[in-house]
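Undergrad: Sequence unavailable; structure follows:
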């Protein structure tokens, strides 16, 4: 039988252990206590910016703390990625990562200032989209086949959001398959590239559906094909690249929320819960449908798996095509 002294010691030990174990839970329950900054590595107007604002607004309402969208463009998103890698790991600084910043840039730039696996804690997949191949109305083609025939006869230019984005890599891959050579004109963001195409500064581009679709609907651009596995409900008469004769050009860019790597697991779990709840909101789902965005969600581990799988795929393509940042 335990002595009274030993019993008191055991009781105190149980209380101490209970208090220690309660700290992570309490931290998760009280987070966030102040506004959260969600950094977007591109200018306003592109798909990453749109999704950040849609989800950020809803998370702010749920958490009763403002989510501030901070656009930090530069070096194809590398500037913002490095900034967040060095940020305080407290859950109050996040980034809207993209297929380009997470799974392409590390393989085409000699140095990027961050390591995806080492420097970030994945929070949640924010969704995926199709790209749309569109031309300026002055380009006398109405199909991918006609465009390829024209490109073989005369010099044409294509726009993209920077060097190394999925839009740029998709364009280069398509050219290699089609046997054409277009002049590349990079811009600092998707919105700027689309504006240039609408203005006739360039002839053609692949762009994310949410940012280019309004210009197609307005008749300012002509759609030729979508890069997704199926046709877009926004443009049911526009074929997929597979239907147009290029089955290998199936690209579905994706986006996701990440935090600095040493962010406490319970805070990452709380952020994941907040963003998943936002993703399930009917208003958010309606906005996603209007932009033809496939909803995301899921666990941090599932998002980490996606990043790894896509990095393996795109790094191989970059090596095979010898695409290196200038």
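TA: Yep, that arrived. Note that the coordinates shown come from a computational prediction; the quantities given were computed from them, not determined experimentally. Numbering: from 1, shown residues only.
Undergrad: Measure how buried residue 88 is and give me the count.
TA: Neighbour count for residue 88, taken as other Cβ atoms under 10 Å: 10. Heads up, the C-betas are built off the backbone N, CA and C, glycines and all.
Undergrad: now residue 86
TA: 12.
Undergrad: what's the answer for residue 217, then?
TA: Around residue 217 there are 12 residues (other Cβ under 10 Å).
Undergrad: Dihedrals phi and psi, it?
TA: Dihedral angles of residue 217 (phi, psi; degrees, to the nearest 10) stand at phi -60, psi -40.
Undergrad: before we move on, what about residue 127?
TA: Torsion angles, degrees, to the nearest 10, at residue 127: phi 130, psi 170.
Undergrad: Next: the one 5 residues further on.
TA: Here the main-chain torsion angles of residue 132 (degrees, to the nearest 10) amount to phi -120, psi 130.
Undergrad: all helices of the chain, in order?
TA: Using DSSP state H, the helices of the chain run over 4-30, 47-63, 78-85, 99-103, 105-108, 116-119, 144-151, 166-178, 190-198, 209-217, 265-279, 282-291, 300-321.
Undergrad: My guess is residue 89 contacts residue 262. True?
TA: Yes - under the criterion of Cβ atoms under 8 Å, residue 89 makes contact with residue 262 at 3.8 Å.
Undergrad: what touches both of those two?
TA: Residues touching both residue 89 and residue 262 by Cβ atoms under 8 Å, 6 or more residues apart in numbering: residue 121.
Undergrad: Those two - which one has more neighbours?
TA: Taking other Cβ under 10 Å, residue 89 and residue 262 do not tie; residue 89 has more neighbours (17 against 10).
Undergrad: residue contacts, the more buried one?
TA: Contacts of residue 89 by Cβ under 8 Å, 6+ apart are 121, 259-264.
Undergrad: Turn those residues into TSV, including pLDDT and distance to residue 240.
TA: What follows is the contacts of residue 89, written out as TSV (pLDDT from 0 to 100; distance: Cβ to Cβ, whole Å):
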residue	pLDDT	distance to residue 240
121	98	35
259	98	35
260	98	38
261	98	38
262	97	42
263	98	39
264	97	43
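Undergrad: Quick one: buried ones out of those residues?
TA: Neighbour-count burial (16 or more other Cβ atoms under 10 Å) is assigned, among the contacts of residue 89, to 121, 259-261, 263-264.
Undergrad: Identify the bridge partners of residue 183.
TA: Following DSSP bridges, residue 183 is listed with bridge partners residue 157.
Undergrad: okay but it is in contact with residue 156, surely?
TA: Yes - look at residue 183 against residue 156 with Cβ under 8 Å: they come within range, at 7.3 Å.
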